[in-house]
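Novice: Next comes the sequence, and after it the predicted model I'd like to discuss.
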Amino acid sequence: MRSRRQFLKELAGGAALLGSGALLPSSLRAAESPVGPSGLPAGTLETSFLEALPGKRPLIKRTYRPPNFETPLEVFDQVFTPNDAFFVRYHLPQIPQVPAAEWKLQIGGDSVEKPFTLDLPSLQKDFEQVELASVCQCSGNRRGLSDPHVAGVEWGIGAMGNARWKGARLKDVLARAGVKKEALEVVVNGADHGSLEATPDFMKSIPVWKAMDENTLLAWQMNGEPLPHFNGAPVRMIVPGWTATYWMKHIISIQVVSQPFKNFWMSTAYRIPKGKFPVVDRFLSQETDVNAPITDIVVNSLLTSPREGQSLRAGRPVEVKGIAWDNGSGIQTVEISVDGGRSWQTATLDQDFGRYSFRGFRHGFKAGAKGEVTVMAKATNRMGASQVSELIFNPAGYHNNVVSRVTVRVG
C-alpha cells in the first residue's frame, strides 16, 4: 500500500506546470486522521486526507493523477455547494488551462448544415442567457460503499454538488448550425487528454432529443462567478437530471452525427445492466441486449445532522437535517425514522429551488432512553420512486441510493 508521502513523491516527480497538465496541489494540508465513511474498502480510508487544489479549499483526496477530490459532508449543510468546495472529477491527467479570451468552440458534424466556430463573447451576447439550479453528481458516487467492493474511484458520499449554472441553451447554439432531420446524437469533446496517444480521449455523446432540451446548457458561470478551472472553465455542458459523465468540461468541439457514437467511454464504460434500474430517460441508440448507458439520477438523500457517532443527551430535542434530490421529477416527500426503520414520520421540506436542485429537509424528535439510536431518511419523488432498503448491486458501483442512515448514541 502506498503511503501519503509516496503519493506526494510520485505526484511531484511526474508533474511540471499546471498549464501543461500538472496536478500539484497548491497547499498540502493533511487531516490529522483519515476522512470518509467507515464502509470504504481497505486502503482507501487510510489514504483519504484533506488536500487543497489550486482555487479549492481542502477536499477529500481520492486520487492525485488524474485529480479526483470529493466534498466533505459538512459542506452539504447548505443547499448550494460553494465553488471552492465543489467536487473534482477527471479521467485523464492532462488538463490544460484554456484562457477565456482564447477559447473557441467548433460546431459541426455530418448532421449540421452550417458548421461554425464560437467564441466566449458570442456565446454570452448572441444567445439568451439562462440560469438553472442543478445537482451535478458523479455516476460512481458512493461506489466505495458497494458490498462487495468493486473497482474504480472509491468515492464516499461527496462526489456531487449543487450549483446555479448560467449559460446559453445548447439547442439555441445548434439551431444556428442548422440541425438536419437525420441527426441522432450530439458528440462532445473537451480539452483534457491522456499522457499517452493510446489513451482513449474522453468524449461523450447524448441523444439529440436531450441536446434539444431547454435545460441542457453550455455554461460559463457557476454560482454567479466564472467556472473554476477544475470544474470545466471556460465552458462546460450542463445536462440536468443526468449523471455527471455527460457534463463535459473544457468543451472544445460539438459534433452532430447521424450514427451512434462508438468509443470506450460510450460502448464499454458507464453502462448498467439492462432492466436493473428504473430508468426514465432511455438512450436507445446506445443500448444493447444486455446493458445500457447510465443516464438519469435515481432518487436519493443524505443526512447531514446528526452525524455518525454523535453523542446526544437523553430528553433533549434533536433536529434531523439533510438534502434530497433526483432526476428532476422533484422530491415529493422525505420520511424520517428514529427507531431503525420500525416507524416513519414525514419531514418538513425546505425551500424549493427548482426540480433539479438539492431539496433541504428537517425533522425534530426528542432523544429517549440511553443507548444507540439509528436515524434514517427515505426520499420519494413525484413519480413515486423511493430509495431502496438494500443495495442494487452492479459491477461498476453505480446508482447507490440505499436509505440514508446514521447511528448516534444517547447518553
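Specialist: All right, it came through fine. Numbering: from 1, shown residues only.
Novice: now the helices for the stretch 151-300 of the chain?
Specialist: Here the stretch 151-300 of the chain has its helices, by DSSP state H, counting those that start in this stretch, at 170-177, 208-211, 264-267.
Novice: Show me the one of those helices that comes nearest residue 49.
Specialist: Residue 49 lies closest, by CB to CB, to one member of these: helix 264-267, at 29.1 Å. To be clear about C-beta, it is placed using only N, CA and C from the backbone, and glycine gets the same treatment.
Novice: Send me the closest one as PDB with only the CA atoms.
Specialist: Listed next in PDB are the C-alpha coordinates belonging to helix 264-267 (Å, rounded to 0.1, in the frame of the first residue of the first chain):
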ATOM      1  CA  PHE A 264     -14.500   3.300 -24.900                       C
ATOM      2  CA  TRP A 265     -16.400   5.800 -22.800                       C
ATOM      3  CA  MET A 266     -19.700   5.100 -24.500                       C
ATOM      4  CA  SER A 267     -19.500   1.400 -25.500                       C
END
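Novice: That one - contacts with which helices or strands?
Specialist: strand 203-207 (3 or more CB pairs under 8 Å, 6 or more residues apart in numbering; DSSP states H and E).
Novice: Quickly run through the sheet partners of the strand it packs on, with directions.
Specialist: Strand pairing for strand 203-207, determined by DSSP bridges: strand 185-190 (antiparallel).
Novice: ok now the strand it pairs with, how far from the chain's centre?
Specialist: 18 Å (CA atoms, centre = their mean, to the nearest Å).
Novice: next one: stretch 323-341
Specialist: Counting by CA atoms, centre = their mean, stretch 323-341 comes out at 19 Å from the chain centroid.
Novice: Alpha carbons only: can I get that stretch in PDB?
Specialist: Taking Å, rounded to 0.1, in the frame of the first residue of the first chain, the C-alpha atoms of stretch 323-341 are listed here in PDB:
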ATOM      1  CA  ILE A 323     -30.800  17.000   1.500                       C
ATOM      2  CA  ALA A 324     -32.700  15.000  -1.100                       C
ATOM      3  CA  TRP A 325     -32.500  15.000  -4.900                       C
ATOM      4  CA  ASP A 326     -33.500  13.000  -8.000                       C
ATOM      5  CA  ASN A 327     -33.600  13.200 -11.900                       C
ATOM      6  CA  GLY A 328     -35.700  16.300 -12.000                       C
ATOM      7  CA  SER A 329     -39.000  14.700 -11.300                       C
ATOM      8  CA  GLY A 330     -38.900  16.600  -8.000                       C
ATOM      9  CA  ILE A 331     -38.900  15.500  -4.400                       C
ATOM     10  CA  GLN A 332     -42.400  14.700  -3.100                       C
ATOM     11  CA  THR A 333     -41.700  13.600   0.500                       C
ATOM     12  CA  VAL A 334     -38.800  12.700   2.800                       C
ATOM     13  CA  GLU A 335     -39.700  10.300   5.700                       C
ATOM     14  CA  ILE A 336     -37.600  10.000   8.900                       C
ATOM     15  CA  SER A 337     -37.200   7.100  11.200                       C
ATOM     16  CA  VAL A 338     -35.600   7.400  14.600                       C
ATOM     17  CA  ASP A 339     -36.100   3.800  15.600                       C
ATOM     18  CA  GLY A 340     -34.100   1.900  12.900                       C
ATOM     19  CA  GLY A 341     -37.000   1.800  10.400                       C
END
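Novice: what's the average pLDDT for that stretch?
Specialist: On average, the pLDDT along stretch 323-341 is 97.
Novice: Buried residues in it, which are they?
Specialist: Buried residues in stretch 323-341, counted by 16 or more other CB atoms under 10 Å: 323-338.
Novice: Okay, and which of those map to strands?
Specialist: 323-325, 331-337 (DSSP state E).
Novice: Got the confidence number for residue 46?
Specialist: Reading off the model, residue 46 has pLDDT 82.
Novice: I'd like to know how far it sits from residue 63.
Specialist: 14 Å (CB to CB, to the nearest Å).
Novice: and the two? which has more neighbours close in?
Specialist: residue 63 (16 against 13; other CB atoms under 10 Å).
Novice: ok, so what distance separates that one from residue 230?
Specialist: Applying CB to CB to residue 63 and residue 230 gives a distance of 13 Å.
Novice: Can you report how many residues neighbour the nearest residue to residue 335 once chain neighbours are set aside?
Specialist: Once flanking residues are discounted, residue 335 sits nearest to residue 344: 4.2 Å by CB to CB, 6 or more residues apart in numbering. Neighbours of residue 344 under the rule other CB under 10 Å: 16.
Novice: can you check residue 317 too?
Specialist: Neighbours around residue 317, by other CB under 10 Å: 10.
Novice: residue contacts, the most centrally placed residue in the chain?
Specialist: Most central in the chain under CA atoms, centre = their mean is residue 137, positioned 1.9 Å from the mean C-alpha point. Each residue near residue 137 by CB atoms under 8 Å, 6 or more residues apart in numbering is listed here: 159-161, 243-244, 297, 325.
Novice: Tally up the residues packed near the residue lying closest to it once chain neighbours are set aside, please.
Specialist: Nearest non-adjacent residue to residue 137, counting by CB to CB, 6+ apart: residue 160, 3.9 Å away. For residue 160, the count of nearby residues is 27 (other CB under 10 Å).
Novice: Kindly report the same for residue 37.
Specialist: The burial count for residue 37: 17, using other CB under 10 Å.
Novice: ok now do it, which residues does it touch?
Specialist: For residue 37, counting by CB under 8 Å, 6+ apart, the contacting residues are 144-145, 156-157, 308.
Novice: rewinding a little: please list the members of the contacts of residue 137 that lie in strands.
Specialist: 160-161, 325.
Novice: can I see the domain layout of this structure?
Specialist: 4-85, 100-141+156-293, 300-410 (automatic domain parsing).
Novice: of all the ones you listed, which lies closest to residue 93?
Specialist: With CB to CB, the closest approach to residue 93 among these belongs to domain 4-85: 4.6 Å.
Novice: I figured residue 260 was touching residue 185, is that so?
Specialist: Yes: the criterion here is CB atoms under 8 Å, and residue 260 meets it with residue 185 at 6.4 Å.
Novice: Now do the shared contacts for the two.
Specialist: Shared contacts of residue 260 and residue 185, counting by CB under 8 Å, 6+ apart, come down to 205, 285.
Novice: who's more crowded, those two?
Specialist: Counted by other CB under 10 Å, residue 260 and residue 185 do not tie: residue 185 has more neighbours, with 26 against 16.
Novice: Contacts only, for residue 346.
Specialist: Shown in contact with residue 346 (CB under 8 Å, 6+ apart): 333-336, 363.
Novice: Right, I'll call it a day here.
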